[in-house]
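**Q** give me the fold of what follows.
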Amino acid sequence: MLKSFVISVLVTAVSLWLIDQFSDSINFKRGKEVQIILMLSLLLNCLNISVTPILQFLGIPITILTLGLFYFVINGFVLFFAFNFVKGAKIKSFGTAIWVNIILTALEAGINWLLNIR
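**A** Next up is the predicted model:
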């Protein structure tokens, strides 16, 4: 269980680094990118384990009304919160957080597929 959590943190960190390299939407303090990305990745995975399921449960009525699209808003909120919590990590806006989360999820899925994880 701990091994899969550590792998998930590392895959998220690589995905965040890739998004940072190809996009101006997110920025990390220069000189400390590795520490900030790892801290953000750790926090994001902890939030996805603990807070996201609670928010998804509370948002079931809105999710039904929006045919599942509200999940993007919930995940974007969690990502936006994590970026604002970690010093040195910046994201442009909440709307950007939603798009970055979609790209992050796709990158994580691609990396997991390439490495035959899960």
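
**Q** when you work out contacts or count neighbours from here on, use the C-alpha atoms and nothing else.
**A** OK.

**Q** so where is the protein shaky, pLDDT-wise?
**A** For the chain, the stretches flagged by pLDDT under 70 are 118.

**Q** how about stretch 34-53: buried residues?
**A** Along stretch 34-53, these residues count as buried under the neighbour rule (16 or more other CA atoms under 10 Å): Ile36, Ile37, Leu38, Met39, Leu40, Ser41, Leu42, Leu43, Leu44, Asn45, Leu47, Thr52.

**Q** can you give me the neighbour number for Lys3?
**A** The tally of other residues near Lys3 (other CA atoms under 10 Å) stands at 8.

**Q** distance of it from Ala82?
**A** Between Lys3 and Ala82 the distance is 23 Å, computed by CA to CA, to the nearest Å.

**Q** the most far-flung residue of the chain relative to its centre and Val78, how far apart?
**A** When each C-alpha in the chain is compared with the mean C-alpha position (CA atoms, centre = their mean), Leu65 comes out farthest, at 24.4 Å. Distance check for Leu65 against Val78: by CA to CA, it reads 21 Å.
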